[in-house]
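Participant: pasting the structure only:
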Ligand code: AMP
């Protein structure tokens, strides 16, 4: 027997419809690419998204077309997303931090037909547009007065293009499993792989993201997504913001400490989300200026392991709650968040930080397990680590075009490529990427644990641990360190600091000091290049 409840497909444009009706006057504030701070509302974004949809349709775009965006977090970018999805087309976010050739490859693979591009990236697009065979239309996210001279074919200023529509448009209706968005993962090896979100997965993910023990958003919140819309959907904030009616503050292209602080302060931001490096810049700015954070209540920190020192500083010095989070592009992207279950709530000091250093537990809608190399489930004892596998309605079931099929198994589990353990309370902790873990004498050493520990040293700016071949143990850890400006710690200083805080056999066999550690386009340490850089390195213990 079937239930007798209504069919109400979970379509993304329903989110912006809801925002318009229930939270129409709620503001969306952006630092524009042209410079000034600009203000709009959910009602206005809704109206302009309808115009985007109408105007795209007039240009001949429709169901299933991939429409790229190469843009920072602004209200215009949000309008573009909803307009694109509202005709059943697919927003395809491009990461401008990738190499131009890689972006061209991705656009060709996705067969993007049009692109919304910020002024910042016009020169970049000019370099590659000729190589993108499918591209028919370029919409520069600016007005006529700021429209640059460009060699791009079929380029038009967004505001002019939009003015040709009146917004008298009805969203298209289609199945909720229709593709809505696309984002390529920038793996450190091989070609990037496309993740294809559906309307249903985006709406369910927005609900999961907003739940109290996830981001915990309410309409009274003022949310500043520093995490870019071009990387992992701004962690769903472009959807959960309108769903909840939280005021949004969009940082545009300025993510330095002073610029972020200005927005936090003038807009009275209560909630923000970003990767650890952004928070490090902000904390450094606060330290230099002596400024405080009277409005900010909570920050979600993820994308890379959050150093303990950041969590402690936010909470002890600024009274801001830190929620450590883990996820990936393939998971829309949220996987787990670390709020405190009742059994941990009373913890204080170091014991509390120990729990908060974990990546946390998943909201309803994400299942996880850890397995050994033969896919046997491992115990949830908080120490046995293995391959982290996940499944759920907002987790990819395949990559676009069928790449990477070996990461998906017949029971619907997706192998994240991360190595983790889970404790008896259900808290997951990432210990490594599977390809980065150091295998010493048949046992695994967590490089993330070593790195987190090393950056706790007051003279260390950044640290990376890699495995170096060893004739007796197979591999042993080398710690690569970037010192803070004006500081020169010795190998002995660092090893003494770490000693006693990890198992003896995990201790690095050597420490190498470098001026810089290479990073990927998404800000992660590029272990492949680091390993290449140290391929002829001989450990003193060998
Ligand atoms: P991306 O798809 O670019 O967002 O990258 C996802 C990957 O980033 C994950 O598979 C993890 O390896 C890493 N990652 C994300 N969040 C965390 C975190 N809180 N701690 C450690 N690694 C993380």
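Facilitator: Received it, and whenever you're ready, just let me know what you need. These figures come from a predicted structure and were not determined experimentally.

Participant: ok, now which ones touch the residue of the stretch 51-200 of the chain found nearest the ligand?
Facilitator: Nearest to the ligand, among the residues of the stretch 51-200 of the chain, is residue 185, at 5.1 Å (CB to the nearest ligand atom). Backbone N, C-alpha and C define where each C-beta goes, glycine included. Residue 185 makes contact with 192, 193, 195, 328, 329, 330 under the criterion CB atoms under 8 Å, 6 or more residues apart in numbering.

Participant: Show me the subset of these that also lies near the ligand.
Facilitator: Subset of the contacts of residue 185 in contact with the ligand: 328, 329, counting by CB under 6 Å from any ligand atom.

Participant: Rank the contacts of residue 185 by pLDDT and give me only the lowest.
Facilitator: Lowest in pLDDT among those is residue 192, which has 90.

Participant: Look through the protein and tell me its longest helix.
Facilitator: helix 42-58 (DSSP state H).

Participant: Please point out which parts of that helix sit buried.
Facilitator: Using 16 or more other CB atoms under 10 Å as the test for burial, helix 42-58 gives 42-57.

Participant: quick one: contacts of the helix or strand hosting residue 107?
Facilitator: Element membership for residue 107 (DSSP states H and E) is helix 100-110. Here helix 100-110 makes contact (CB under 8 Å, 6+ apart) with 66, 68, 70, 92, 94-96, 98, 115, 124, 127-128, 131-135, 182, 184, 186, 191-192, 194, 400-401, 521.

Participant: Buried by neighbour count, from these: which ones?
Facilitator: Neighbour-count burial (16+ other CB under 10 Å) is assigned, among those, to 66, 68, 70, 92, 94-96, 98, 115, 124, 128, 132, 135, 182, 184, 186, 192, 194, 400, 521.

Participant: Mark out where each domain of this structure begins and ends.
Facilitator: For the chain, automatic domain parsing gives the domain ranges 13-27+38-210, 367-433, 438-533.

Participant: and the first one, how far from the chain's centre?
Facilitator: Spelled out, it's domain 13-27+38-210. 18 Å (CA atoms, centre = their mean, to the nearest Å).

Participant: ok, residue 489 - contacts?
Facilitator: Residue 489 neighbours (CB under 8 Å, 6+ apart): 457, 459, 460, 481, 483.

Participant: pretty sure the third one is touching residue 482, no?
Facilitator: Going back to what we said before, that points to residue 460. Yes: if you go by CB atoms under 8 Å, residue 460 and residue 482 touch, sitting 7.5 Å apart.

Participant: more crowded one of those two?
Facilitator: Taking neighbours as other CB atoms under 10 Å, residue 460 and residue 482 compare with residue 460 leading, 24 against 16.

Participant: residues in the chain within reach of the ligand, list them.
Facilitator: Residues of the chain lying near the ligand (CB under 6 Å from any ligand atom): 185, 232, 302-305, 324-326, 328-329, 333, 359, 416-418, 430, 433, 522.

Participant: one step back: can you tell me which of the buried ones among the contacts of helix 100-110 end up in helices?
Facilitator: 124, 128.

Participant: Sort out which of the buried ones among the contacts of helix 100-110 are in strands and list them.
Facilitator: 66, 68, 70, 92, 115, 182, 184, 194 (DSSP state E).

Participant: which of these lies closest to residue 265?
Facilitator: Closest to residue 265 out of these is residue 70 (29.7 Å), distances taken as CB to CB.

Participant: Quick check: what element follows the least confident helix or strand in the chain by mean pLDDT along the chain?
Facilitator: The helix or strand of the chain with the poorest confidence is strand 443-445; it has a mean of 87 (mean pLDDT, DSSP states H and E). The helix or strand immediately downstream of strand 443-445 is helix 447-454, counting by DSSP H and E.

Participant: Tell me where the model's unsure across this structure.
Facilitator: 187-189 (pLDDT under 70).

Participant: I am finished for the moment; much appreciated.
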